[in-house]
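In: Give me a 3D structure for the following:
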Amino acid sequence: MATDYFGVLGVSRDASDSDLKRAYRKLARDLHPDVNPDPAAKERFQEVTRAYEALTDPEKRRIVDLGGDPFDAAGGGGAGGFGGAGFGGLGDIMDAFFGGAATRGPRSRTRAGRDALIPVELDLDETVFGTTKDITVDTAVLCTVCTGAGTAPGTHPTTCVTCSGRGEVQSVQRGFLGQVVSSRVCPTCVGTGQVIPDPCRECGATGGSVPVAPCR
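Out: A predicted model of the protein is given here:
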C-alpha cells in the first residue's frame, strides 16, 4: 500500500509548494538529528524528508496523486538519509529552513533622493482659505563634465576586485546544521560592483551637483 506522504507532513492533498516547505521546516527543526538525538526522531526525520522529496518533485508528486509510490516506481530510491537520491542532501535542507540564497547582484549608482521637508509659515486666513507661495528647493542635475558617469574625461569605471563585480561578498560559518553562507554589501564598491579609479574633478564622482533652483 502506498505511503500517505501528505499525512506524513500533515498537509492537505492540494497543498502548495510553500505549504509543503512550511510543514517540512517545522518538522525538521524538531526532528533533525543535530537537534534531537532520539533514534525515533531520526527515523521520523527520514520519513518527513522522504515525503518532502516525493511531494516537491513534479514527477514524483504526479505518481503520488495517481495513488502510487514514486520510490517503488523508481526502484526503491529515495531520501534514506541526508544525501538521498533526488533530494540533494544538506543543501536542500538548508533551502527548506532558510528559503535558499537570494542573488541580489550589484546595486545601481543612481539612488532616489530623500523627501524634502520645507517649513512654510502661514497666517490663519491662509490656512482656512488657501494660498499660493513661492518656495526654494534643492534639485540635482547631471554634472556637465562627466554627464553623470562620475569619472574623469576619457576614463571608465573598473570592476571591483574585492567582489569581482557582484556587489557583495560572502562568508561561510559552521553551524549545527553545517555550513551557513551569508552575504553582505562589498565594503570596497559599496554594492555597485565597480570602482572609479579616476573620479571627475568637477563633481567628485557623484555624477551631479545640487544647485539651488526655485520651484513653484
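In: CA atoms for contacts and neighbours, from now on please.
Out: Fine.
In: how much space between D123 and D57?
Out: D123 sits at a distance of 69 Å from D57 (criterion: C-alpha to C-alpha, to the nearest Å).
In: Verify the stated contact: V11 with R22.
Out: No - counting by C-alpha atoms under 8 Å, V11 stays clear of R22, with 9.9 Å between them.
In: Packing partners of the lengthiest helix in the chain?
Out: The longest helix of the chain (DSSP state H) is helix 39-56. Secondary-structure packing of helix 39-56 (3 or more C-alpha pairs under 8 Å, 6 or more residues apart in numbering; DSSP states H and E): helix 5-9, helix 17-31, helix 58-65.
In: Need the mean per-residue confidence for the last one.
Out: Looking back up the chat, that one is helix 58-65. In this model, helix 58-65 carries a mean pLDDT of 87.
In: And the shortest one, by the same measure?
Out: Mean per-residue pLDDT for helix 5-9: 91.
In: Let's see that helix as CSV, backbone CA atoms only.
Out: Extracted in CSV, the C-alpha atoms of helix 5-9 (Å, rounded to 0.1, in the frame of the first residue of the first chain):
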residue,chain,number,x,y,z
TYR,A,5,3.1,11.3,2.1
PHE,A,6,0.6,14.1,2.7
GLY,A,7,-0.3,12.6,6.0
VAL,A,8,3.4,12.3,6.9
LEU,A,9,3.8,16.1,6.5
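In: Begin at 839 from now on, thanks
Out: Understood, numbering begins at 839; the last thing we discussed is helix 843-847.
In: Against which helices or strands is that helix packed?
Out: Counting by 3+ C-alpha pairs under 8 Å, 6+ apart, helix 843-847 packs on helix 855-869, helix 877-894.
In: can you do 7 Å?
Out: Here helix 843-847 is seen to pack against helix 877-894 when contacts are counted using 3 or more C-alpha pairs under 7 Å, 6 or more residues apart in numbering; DSSP states H and E.
In: and Q1011, what element?
Out: Using DSSP states H and E, Q1011 maps to strand 1006-1013.
In: Give the buried residues for that strand.
Out: Neighbour counts over strand 1006-1013 (16 or more other C-alpha atoms under 10 Å) mark E1006, V1007 as buried.
In: That strand pairs with which strands?
Out: strand 1016-1023 (antiparallel) (DSSP bridges).
In: Toward the C-terminus, what is the element adjacent to the strand it pairs with?
Out: Using DSSP H and E, the helix or strand that follows strand 1016-1023 in sequence is strand 1032-1033.
In: coming back round to it: using PDB, write down the CA coordinates of the longest helix of the chain.
Out: Listed next in PDB are the C-alpha coordinates belonging to helix 877-894 (Å, rounded to 0.1, in the frame of the first residue of the first chain):
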ATOM      1  CA  PRO A 877      16.700   7.400  17.400                       C
ATOM      2  CA  ALA A 878      13.000   7.500  16.900                       C
ATOM      3  CA  ALA A 879      13.300  11.200  15.900                       C
ATOM      4  CA  LYS A 880      16.000  10.300  13.400                       C
ATOM      5  CA  GLU A 881      13.700   7.700  11.700                       C
ATOM      6  CA  ARG A 882      10.800  10.200  11.700                       C
ATOM      7  CA  PHE A 883      13.100  12.800  10.200                       C
ATOM      8  CA  GLN A 884      13.900  10.500   7.400                       C
ATOM      9  CA  GLU A 885      10.200   9.800   6.800                       C
ATOM     10  CA  VAL A 886       9.300  13.500   6.500                       C
ATOM     11  CA  THR A 887      12.400  14.200   4.300                       C
ATOM     12  CA  ARG A 888      11.200  11.300   2.000                       C
ATOM     13  CA  ALA A 889       7.700  12.800   2.000                       C
ATOM     14  CA  TYR A 890       9.000  16.300   1.200                       C
ATOM     15  CA  GLU A 891      11.000  14.900  -1.700                       C
ATOM     16  CA  ALA A 892       8.100  13.000  -3.100                       C
ATOM     17  CA  LEU A 893       5.700  16.000  -3.000                       C
ATOM     18  CA  THR A 894       8.000  18.700  -4.200                       C
END
